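Undergrad: take this sequence and fold it.
(one chain, ligands or ions: 1)
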Amino acid sequence: MPEGDVLRLTAARLDAALRGVPLDRAELRWPTAGAARLVGATVTECVAYGKHLLTRFDDGRTLHTHLRMDGYWRVHPTGTRQAAARHPSVRAVLGTSSWTCVGWHLGMLDLVRTRDEARLVGHLGPDVLADDFPDAGLTEGLRRLAAQGGRPLCEVLLDQRVVAGLGTIWMAETLFALRLWPWTPADRLDADGGRALLLTARRLMGRSVEVGRSRGLGAVEPAVHGRARRPCRRCRTPVAVGRANEAPYDRPVFWCPACQAPR
Ligand SMILES: [Zn+2]
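TA: Coordinates of the predicted model:
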């Protein structure tokens, strides 16, 4: 599932392609939005919030999309074969005279008034990649973290209502970086530990965005995620896989049993 770093890069690509030029093509292939008219509207900005994408228009509307498990956006020169976007898995097409953005396999799509965005993302915790996260966001994130009681850290980091943006990759990488057992009860961390947890997630994901900008997605090799039974990069112990959350919402947790032994 795409995480906050991927969403940042996606938002930047869509913003660069669409901002400031009126749309001359707009198709929302979605039951609740198919009749909406967006041709003639101009994108003022496209931003990510956690794993959500908000494309704002100059007429006071926002297109909200979410990639869920395997969605993605592609940008093609208008007029090319790919820009025609006739495939049944395409859920959204936004095109100007120069560029056409095609949303594949999208998991959520809503068209709302920009002032009502909070209805869609207002329940989320602060976005760890937001510019102001080290100030306002961190304070709020720590407050929400402190309310988690004895929940395992791996589950807390996946819960978008605590902080927004992490999925299984950055949850695992953050816990490995800090040598934390993934099932450590959240209330075992003091304020400094909580701060280190959230700022480490931000640092690792921020680096992925930086590297991704120049070298493309997936250029940062995970330390533990997706490396079951392969040697830990730090100590050579085989990486293990456990689970976070109860079925059917359970997710894999990759971790090193030696570096991240329970304390
Ligand atoms: Zn190790």
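Undergrad: what is the neighbour count of L180?
TA: Using other CB atoms under 10 Å, L180 has 23 neighbouring residues. Heads up, the C-betas are built off the backbone N, CA and C, glycines and all.
Undergrad: sorry, wrong one. I was asking about L199.
TA: L199: 16 neighbours (other CB under 10 Å).
Undergrad: over to the one 10 residues further on?
TA: Here the count is done by other CB under 10 Å, and V209 has 19 residues near it.
Undergrad: again, but for A261
TA: Around A261 there are 11 residues (other CB under 10 Å).
Undergrad: could you list every residue that touches it?
TA: With contact set as CB atoms under 8 Å, 6 or more residues apart in numbering, A261 has these partners: W181.
Undergrad: and the helix ranked longest in the chain, which residues are buried?
TA: The residue-count maximum for a helix in the chain (DSSP state H) belongs to helix 191-215. Residues 194-202, 204-206, 208-209, 212 are the ones in helix 191-215 that count as buried (16 or more other CB atoms under 10 Å).
Undergrad: equivalent analysis for stretch 14-25, please.
TA: 14-15, 17-18, 23, 25.
Undergrad: leaving out the residues flanking it, which one is nearest to L38?
TA: Distance criterion CB to CB, 6 or more residues apart in numbering; nearest residue to L38, sequence neighbours excluded, is A26 at 3.5 Å.
Undergrad: helix, strand or coil: sort out the one you found for me.
TA: Secondary structure assignment for A26 (DSSP: H, G, I helix; E, B strand; the rest coil): strand.
Undergrad: can you pull the contacts of it?
TA: With CB under 8 Å, 6+ apart, A26 has these contacts: 36-39, 41, 93-95.
Undergrad: close to the ion: what parts of the stretch 151-263 of the chain are there?
TA: Within the stretch 151-263 of the chain, the residues that sit near the ion (CB under 5 Å from the ion) are 232, 234-235, 237, 256, 258-259.
Undergrad: and the two most separated of the buried residues of stretch 14-25?
TA: Pairwise distances across the buried residues of stretch 14-25 (CB to CB) peak at 17.7 Å, for the pair D15 and R25.
Undergrad: did I read that right, V75 in a strand?
TA: Yes: judged by three-state DSSP, V75 forms part of a strand.
Undergrad: ok, it - contacts?
TA: 13-14, 17, 99-102.
Undergrad: cutoff 6 Å now
TA: 13, 17, 99, 101 (CB atoms under 6 Å, 6 or more residues apart in numbering).
Undergrad: inside strands: which ones of the residues you listed?
TA: If you go by DSSP state E, the contacts of V75 have 99, 101 in strands.
Undergrad: just put the contacts of V75 in a markdown table and tack on pLDDT.
TA: What follows is the contacts of V75, written out as a markdown table (pLDDT from 0 to 100):
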| residue | pLDDT |
| --- | --- |
| R13 | 96 |
| A17 | 98 |
| W99 | 98 |
| C101 | 98 |
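Undergrad: most neighbours among the contacts of V75, which one?
TA: So for the contacts of V75 (other CB under 10 Å), the most neighbours sit at C101, 25 neighbours.
Undergrad: these two touch, right, that residue and L14?
TA: Yes: with contact defined as CB atoms under 6 Å, C101 reaches L14; the gap is 5.3 Å.
Undergrad: between the two, what contacts are shared?
TA: With CB under 6 Å, 6+ apart, C101 and L14 have no common neighbours.
Undergrad: which element, helix or strand, includes G103?
TA: Assessed by DSSP states H and E, G103 sits inside strand 99-104.
Undergrad: I meant A258, not that one.
TA: Per DSSP H and E, there is no helix or strand for A258.
Undergrad: that one: neighbour count?
TA: Quick note: A258 (other CB under 10 Å) scores 14 neighbours.
Undergrad: now it: closest residue in space, sequence neighbours ignored.
TA: T237 (4.0 Å).
Undergrad: next one: C232
TA: Counting by CB to CB, 6+ apart, the residue nearest C232 is C256, at 4.1 Å.
Undergrad: what stretches of the stretch 101-250 of the chain score poorly on pLDDT?
TA: Judged against pLDDT under 70, the stretch 101-250 of the chain has no low-scoring part.
Undergrad: repeat that for 80
TA: 217-219 (pLDDT under 80).
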